[in-house]
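**Student:** Coordinates for the following, if possible.
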Amino acid sequence: MRDHYDVIVVGGAAAGLSAALVLGRSRRSVLVVDSGEPRNARAEGVHNYLGREGASPAELGSVGRDEVAAYGVEVTTGRIVAASATDGDGVDPVGFSVTLESGAVVATRRVVVASGAVDVLPEVPGLAEQWGRGVVHCPFCHGWEIRDQRIGVLVTSPIGAHQVLMFRALSEDVTAFVTDPALVDDTTLAGFAARGVRAVTGPVRDVVSDGDRLTGVSLASGEFVALDALAAASTAEARIGFLEGLGLEATDQFMGDHRYASALTVDAAGQTSVRGVYAAGNVAAPMATVIASAAAGTQAGAAVHGDLVQADLARALATASASA
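**Tutor:** This is a model prediction of the structure:
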């Protein structure tokens, strides 16, 4: 590991590696720091990623690391625990110092944050153990795999009714578990009935499994409902604790009055409110799929290179002026 890079990329999943690929191909010195904890680690496969349909997250990451390495990008396993701004080099006023959990301190001209998000799950016993397997969250990511099966949908927010109808498009056997009757109105319940969705109101006591296989849910009433899969929404919290020294904070994300995530705010190129710090993937777009995160990483990588091109030009002009 060097002590200075053009760019440090925080996170080695789809967004981070895509940014690194663009930058490596642009002959930038790049270090990717990856904790090895992608948000989708428990998923069996990545879907809707053209050309890589069904590849496991581990396979996609391994192929990506090999590809960026071919362009001189360095990838190291670890975590960044702190980051701070520096004075740059005089001509380019932007610069940063990052500290790894190993104690190493590395300087960089720009930072791409692709550290992802952490899913905070509904507090139902047995649910976390099935997350990414029997418990799913996205009809686009997992729907085909559970089509025509007995699907339950845990409604824990006002937007849960939409999720019920999304999964109803995949199976005729769908049960909505409405944890609080205030979450749905009569019009919503009429819609469920019209689509043949059974609505059960009241707490879900636990998610029941037989070994690794989800078998159903137990209700507070004592009733057991047999299922093959359960859909549940998480709250996605941006992984940005290490950015405290830069003054970057996540912003709460809402759908109506419902808070569903926190995320960094970025512009179309991925630039955050701190000059020289870019972000891509779920840390900035909690609902982005893997291919969308990869696209955002590509965009951010290109924007960083363009930023550095202008800084290099300013340096060259300053040098020429000083020599004249």
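**Student:** now the strands for the stretch 101-250 of the chain?
**Tutor:** For the stretch 101-250 of the chain, the strands defined by DSSP state E, counting those that start in this stretch occupy 105-113, 117-120, 135-136, 151-155, 174-178, 198-201, 204-210, 213-219, 224-226, 229-232, 235-238.
**Student:** Looking at those, spot the one closest to Gln253.
**Tutor:** With C-beta to C-beta as the measure, strand 235-238 is the member of these nearest Gln253 (8.2 Å). Every residue, glycine included, has its C-beta placed from N, CA and C.
**Student:** The following helix or strand past the closest one packs against which elements?
**Tutor:** As assigned by DSSP states H and E, the chain's next helix or strand after strand 235-238 is strand 251-255. Strand 251-255 sits against strand 258-263, with contacts defined as 3 or more C-beta pairs under 8 Å, 6 or more residues apart in numbering; DSSP states H and E.
**Student:** which residues sit in contact with Gly134?
**Tutor:** 207, 209, 213-214, 228-230 (C-beta atoms under 8 Å, 6 or more residues apart in numbering).
**Student:** from those residues, which would you call buried?
**Tutor:** 207, 209, 214, 228-230 (16 or more other C-beta atoms under 10 Å).
**Student:** list the contacts for Ser171?
**Tutor:** Taking C-beta under 8 Å, 6+ apart as the test, what Ser171 contacts is 146-151.
**Student:** again, 6 Å this time
**Tutor:** 148-149, 151 (C-beta atoms under 6 Å, 6 or more residues apart in numbering).
**Student:** Can you report how many residues neighbour Glu249?
**Tutor:** 13 (other C-beta atoms under 10 Å).
**Student:** Quick check, pLDDT for the spatially most central residue of the chain.
**Tutor:** When C-alpha atoms, centre = their mean is applied to the chain, the residue found nearest the centroid is Asn282 (2.8 Å). pLDDT for Asn282: 98.
**Student:** mind checking how far it is from Ala316?
**Tutor:** 37 Å (C-beta to C-beta, to the nearest Å).
**Student:** what's the helix or strand hosting Ala316 packed up against?
**Tutor:** Secondary structure assignment for Ala316, by DSSP H and E: helix 290-323. Identification of packing neighbours for helix 290-323 by 3 or more C-beta pairs under 6 Å, 6 or more residues apart in numbering; DSSP states H and E yields helix 14-25.
**Student:** coming back round to it: the helix holding Ala316 vs helix 14-25, what angle?
**Tutor:** Following axes from the mean of the first three to the mean of the last three C-alpha atoms, to 10 degrees, one obtains 40 degrees for the angle between helix 290-323 and helix 14-25.
**Student:** Okay, domains of this protein per the record?
**Tutor:** 4-118+235-323, 122-232 (automatic domain parsing).
**Student:** just those: most buried one?
**Tutor:** domain 4-118+235-323 (a mean of 19; mean count of other C-beta atoms under 10 Å).
**Student:** End to end on that domain, go ahead and measure it.
**Tutor:** Taking C-alpha to C-alpha, to the nearest Å, the first and last residues of domain 4-118+235-323 lie 27 Å apart.
**Student:** starting at the chain centroid, how far to that domain?
**Tutor:** Relative to the chain's own centre, domain 4-118+235-323 is displaced by 12 Å; criterion: C-alpha atoms, centre = their mean, to the nearest Å.
**Student:** now swap in stretch 140-160 and tell me
**Tutor:** The mean C-alpha position of stretch 140-160 is separated from the chain mean by 19 Å, C-alpha atoms, centre = their mean.
**Student:** what's in contact with that stretch?
**Tutor:** With C-beta under 6 Å, 6+ apart, stretch 140-160 has contacts from 47-48, 122, 136, 163-164, 167, 170-171, 173-179, 183, 227-232, 255, 258.
**Student:** swap in stretch 10-18?
**Tutor:** 9, 32-34, 38, 64, 68, 75, 80, 113-116, 280-281, 290, 293-294, 296-298.
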